[in-house]
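# Quick one, structure for this:
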Amino acid sequence: PNPYMEFTGQYGRDGSRTYADGDGKSIYILDNIELNSQWIMGLGLRWDDFDTEYHNDSAELLSYTATSSDEISWNANVSYKPSQNGTIYLSVGTSFTPLSTNLTGGISGNQSAANPEKNVSLELGTKWELFKGKAIATAAVFQNTKSDGSYRDADDRNLYYFNGEQKVTGLELSIIGQITDEFSITSAYTYQDTEVVIDLVDNIGLDLARAPKHSASVWGRYDFNQQLAAGLGLEYMGERANGNTSTSRSADSYTLIDFMVSYQATEKLSVNLNGSNITDEDYVDQLGGGHFIPGTGRLVTVGATYSF
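Next comes the predicted model:
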């Protein structure tokens, strides 16, 4: 549908249909090279080709559109093991988004003149086994850059530009595993600094859509004995915008608290008590360009499982 069409209060099908066909193929090669007991190098090369054909019910040749995208992407990484339980790695790679992956044929305005969007990813990180291998801690800094993106002219909605650029720089931390014989944890934190680099003047420097600067989650479980266990979790989501334009709106940050209690009554019968969003927080779960979907309110359930 045309998002700029005047709202009439009535929508319906007019009987017309569109047809689209996509055909993709790829060839790739990967290799890991063990230089010695501490150093490992990985290399990869991939060729992709994606073709689409699109037309509507019209018999006019102008309704037929074909696009073709073929690109070579690559990746390289090197890892170093300073000790038996730890690894430090550096990776860099490229990828691309073929034209018309949504099978729309790129027939709006001058979209047929677009180039595939290209991506470059860079990551430096480390992984460590803790508590005799029962838990894993990770940390990584990363940067992803997308170029050759498309964006519309401010006045002519049928005119597209294809030199758009967006950048994300961030940090990821996590600890997952068994801290003690009774206590296990799953936790993660992500920081993202997002930016529109090349776009319409009013949009340059804005944050990207649906990309919170801070997000985190933690879930802990404690087994009191072989029958009784309890868990408690928190999820934090930072403020998010519904678009990356000067007219975008934002959804507030929120924190959710969940819990669970499980009891193995017999060898075959287990009983579970689960609660999500127990503080009954009002929050926006999903954001769209012009709409949002509210999150689920407080929900507490009791269930039982019996094995025959």
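# elements contacting the helix or strand that contains Glu53?
Element membership of Glu53, judged by DSSP states H and E, is strand 39-56. Where contact means 3 or more Cβ pairs under 8 Å, 6 or more residues apart in numbering; DSSP states H and E, strand 39-56 is packed against strand 18-34, strand 65-83, strand 86-97. Where C-beta positions appear, they are placed from N, C-alpha and C, glycine not excepted.
# again, only this time at 6 Å
Here strand 39-56 touches strand 18-34, strand 65-83, going by 3 or more Cβ pairs under 6 Å, 6 or more residues apart in numbering; DSSP states H and E.
# Pull up the pairing partners for that strand, direction included.
strand 18-34 (antiparallel), strand 65-83 (antiparallel) (DSSP bridges).
# out of the ones you listed, nearest to Leu299?
strand 18-34 (39.8 Å; Cβ to Cβ).
# Name the residues that touch that closest one?
Outside strand 18-34, the residues that touch it by Cβ atoms under 6 Å, 6 or more residues apart in numbering are 40-56, 103.
# Filter those down to just the buried residues.
Neighbour counting with 16 or more other Cβ atoms under 10 Å marks 40, 46, 48, 50-56 as buried within these.
# Dump the helices and strands packed on strand 39-56 to TSV, plus mean neighbour count.
Output for the helices and strands packed on strand 39-56, formatted as TSV (neighbours: other Cβ atoms under 10 Å):
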stretch	mean neighbour count
strand 18-34	11
strand 65-83	15
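# And what about the most far-flung residue of the chain relative to its centre, helix, strand or coil?
In terms of distance from the mean C-alpha position of the chain, Thr266 ranks first, at 41.4 Å (Cα atoms, centre = their mean). What DSSP: H, G, I helix; E, B strand; the rest coil gives for Thr266 is coil.
# For it, give its distance to Tyr306.
According to Cβ to Cβ, to the nearest Å, Thr266 stands 9 Å off from Tyr306.
# Glu218: what's its closest spatial neighbour, skipping adjacent residues?
For residue 218 the amino acid is Val, not Glu. Ser187 (4.1 Å; Cβ to Cβ, 6 or more residues apart in numbering).
# tell me the contacts of the closest residue to Asp280 other than its chain neighbours?
Nearest residue to Asp280, sequence neighbours excluded (Cβ to Cβ, 6+ apart): Arg298, at 4.0 Å. Applying Cβ under 6 Å, 6+ apart to Arg298 gives the contacts 277-278, 280.
# so how far is Asp31 from Arg298?
Going from Arg298 to Asp31 by Cβ to Cβ gives 52 Å.
# related to what we said a few turns ago, reformat the helices and strands packed on strand 39-56 as JSON lines; add mean pLDDT and distance to Glu165.
Formatted as JSON lines, the helices and strands packed on strand 39-56 follow (pLDDT from 0 to 100; distance: least, Cβ to Cβ, whole Å):
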{"stretch": "strand 18-34", "mean pLDDT": "89", "distance to Glu165": "26"}
{"stretch": "strand 65-83", "mean pLDDT": "91", "distance to Glu165": "17"}
